[in-house]
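Novice: Fold the stuff below for me.
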Amino acid sequence: MQRREWWLPARHDLSAIIGMQSPSAGLLAVGLLVVYLVLGLTGSGVTSPGSYVLAMALLGVSGLLVLIAPGERMDWRATAVATVLPSAAMLVGAVATEERPGMAHATLTGGVVTVLAFICVRGRLGSAWAGFLLSVAVTVFAAQIGGPNPALVAAVMPNTAVLLLATFFEVMVRPRAEQIHALRRQTERQVVAQAAAQGAMEVRERQLTYLEQRARPLLEQIALGGALDPPRIAECGLVEAALRDRIRAPGLELLDIAAEVWAARARGARVVLLDDLRATDDEVAARLQLLRAETVAALGRAGAGDGVTVRLLPPGRDLLATLSVVDDDGQRRREFDLTGAIRA
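Specialist: Have a look, this model is predicted:
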């Protein structure tokens, strides 16, 4: 099963290495946005609180897209929107701030470059720089249209250093991140292969133990050349049928069912076990509990000439299993739905 972070499939990219796909990253982003908003509103420089809040909301939407956009390299549609929104926030924020320098300028430009830096980390280096240049152009344009505001323009330019650091981080660390994920996938494949080999070995050991207990004494007697009496011949038939069950119905290879099957066949009943599901996980085993109890009960009542057929159905059916019984009272069939309950 594919691992998921939040409600989305995990991405095997640089953002996974620095924790951008974890719920804590979302909490950190919300906390950072709230800090920017509080510092801007409580500090000096905001002339229109509503417009300033709108500017921060635009940055929040852009940051959310950066966190949840699919693709190991950020989806191009989300990239386009997330790249343009910071410039829109700068335009709205320029209207909301005054010429006198204050915290509003620092928080607004800081929020813009933070979003653009993480767009860079998501593998969209060119888009991040295009967004930064666009935000600079928008800031200069707004300063010219709305009146000279050199403080806001001056607050934008130092953010070039932040984007340069993000660029260096992306260029240097992304190849290492890809190598790390490649090694992780290789390790996962090795673990799965080892688990499969271990499971096969356990099945082999279990089958050998059964053969040692049931079949070997009969084979040794046959090898000695002695005549087999009727009870021994009947036992040979029971062992052969049990071996067939273990191959055809591994999902029904349970001690209580096996014991009742052996006893029912010894009484002359015809028992057929089929497993077309071939699922061995614990969740499926839990859904088989009622079928297991009903099968044991039916086998316990089966006598000479009766027939009991148990089948686990293939995946994709609307039923999990069926149990058919043929005796002196006629033929009865029980169906078990996908939850393991008896269908009425």
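
Novice: Could you use CA atoms for every contact and neighbour count after this?
Specialist: Will do.

Novice: tell me the secondary structure for Val310?
Specialist: For Val310, the assignment made with DSSP: H, G, I helix; E, B strand; the rest coil gives strand.

Novice: Tally up the residues packed near the residue nearest to Glu98 when sequence neighbours are not counted, please.
Specialist: Spatial nearest neighbour of Glu98, excluding adjacent residues (Cα to Cα, 6 or more residues apart in numbering): Gly45 at 5.3 Å. Counted with other Cα atoms under 10 Å, residues neighbouring Gly45 total 18.

Novice: And for Gly126?
Specialist: By other Cα under 10 Å, neighbour count at Gly126 equals 12.

Novice: tell me the contacts of it?
Specialist: Cys120 (Cα atoms under 8 Å, 6 or more residues apart in numbering).

Novice: Mind doing that once more with 10 Å?
Specialist: 119-120, 132, 167 (Cα atoms under 10 Å, 6 or more residues apart in numbering).

Novice: go on, Ala154?
Specialist: 101, 105-106, 136, 139-140.

Novice: Can you say which two of those residues are spatially most distant?
Specialist: Pro101 and Val136 (17.2 Å; Cα to Cα).

Novice: Trp320 looks like it's in a strand, true?
Specialist: Heads up, residue 320 is Leu, not Trp. Yes: under three-state DSSP, Leu320 sits within a strand.

Novice: ok, how many other residues are close to it?
Specialist: Neighbourhood size, Leu320 [other Cα under 10 Å]: 24.

Novice: ditto for Gln186
Specialist: Using other Cα under 10 Å, Gln186 has 12 neighbouring residues.

Novice: just Arg189 next, same as before
Specialist: As a burial measure, Arg189 scores 12 neighbours (other Cα under 10 Å).

Novice: Does anything pack onto whatever helix or strand it lives in? Which helices or strands?
Specialist: Using DSSP states H and E, Arg189 falls within helix 159-210. Other elements packing on helix 159-210 under the criterion 3 or more Cα pairs under 10 Å, 6 or more residues apart in numbering; DSSP states H and E are helix 14-17, helix 103-121, helix 125-146, helix 216-223, helix 230-248.

Novice: Point out where the stretch 201-344 of the chain drops to low pLDDT.
Specialist: The model of the stretch 201-344 of the chain has pLDDT under 70 over residues 203, 207, 210-211, 213-214, 221, 226-227, 255, 280-282, 344.

Novice: 50 - rerun?
Specialist: Along the stretch 201-344 of the chain, no part satisfies pLDDT under 50.

Novice: most packed of the helices and strands packed on helix 159-210?
Specialist: Burial among those, expressed as mean neighbours by mean count of other Cα atoms under 10 Å, is greatest for helix 103-121, which shows a mean of 25.

Novice: Kindly format the C-alpha coordinates of that one as CSV.
Specialist: Taking Å, rounded to 0.1, in the frame of the first residue of the first chain, the C-alpha atoms of helix 103-121 are listed here in CSV:
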residue,chain,number,x,y,z
MET,A,103,7.2,46.1,10.5
ALA,A,104,4.5,45.9,7.8
HIS,A,105,7.1,46.1,5.1
ALA,A,106,9.4,43.5,6.6
THR,A,107,6.6,41.0,7.3
LEU,A,108,5.0,41.5,3.9
THR,A,109,8.2,41.0,1.9
GLY,A,110,9.3,38.3,4.2
GLY,A,111,6.2,36.3,3.6
VAL,A,112,6.6,36.8,-0.2
VAL,A,113,10.2,35.5,-0.3
THR,A,114,9.3,32.6,2.1
VAL,A,115,6.7,31.3,-0.3
LEU,A,116,9.0,31.7,-3.3
ALA,A,117,11.8,30.0,-1.6
PHE,A,118,9.7,26.9,-1.0
ILE,A,119,8.5,27.0,-4.6
CYS,A,120,12.2,26.7,-5.4
VAL,A,121,12.6,23.7,-3.0
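
Novice: and that helix, what does it pack onto?
Specialist: On a contact count with 3+ Cα pairs under 10 Å, 6+ apart, helix 103-121 meets helix 14-17, helix 23-42, helix 49-68, helix 76-96, helix 125-146, helix 150-156, helix 159-210.

Novice: what would the ones you listed look like in CSV with distance to Val308?
Specialist: Listed next are the helices and strands packed on helix 103-121 as CSV, based on distance: least, Cα to Cα, whole Å:
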stretch, distance to Val308
helix 14-17, 54
helix 23-42, 53
helix 49-68, 54
helix 76-96, 60
helix 125-146, 68
helix 150-156, 81
helix 159-210, 24
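
Novice: hey, least reliable of the ones you listed by pLDDT?
Specialist: Here the lowest mean pLDDT among the helices and strands packed on helix 103-121 goes to helix 14-17, at a mean of 62.

Novice: How is this protein divided into domains?
Specialist: 4-187, 251-337 (automatic domain parsing).

Novice: and the ones you listed, which is most packed in?
Specialist: Highest mean neighbour count among those (mean count of other Cα under 10 Å): domain 4-187, a mean of 19.

Novice: wait, the residue nearest to Glu98 sits on Met103?
Specialist: Yes: look at Gly45 against Met103 with Cα atoms under 10 Å: they come within range, at 6.6 Å.

Novice: Now list whatever residues contact both of those two.
Specialist: Thr97.

Novice: how close does Ala137 sit to Ala130?
Specialist: Using Cα to Cα, to the nearest Å, one gets 11 Å for the distance from Ala137 to Ala130.
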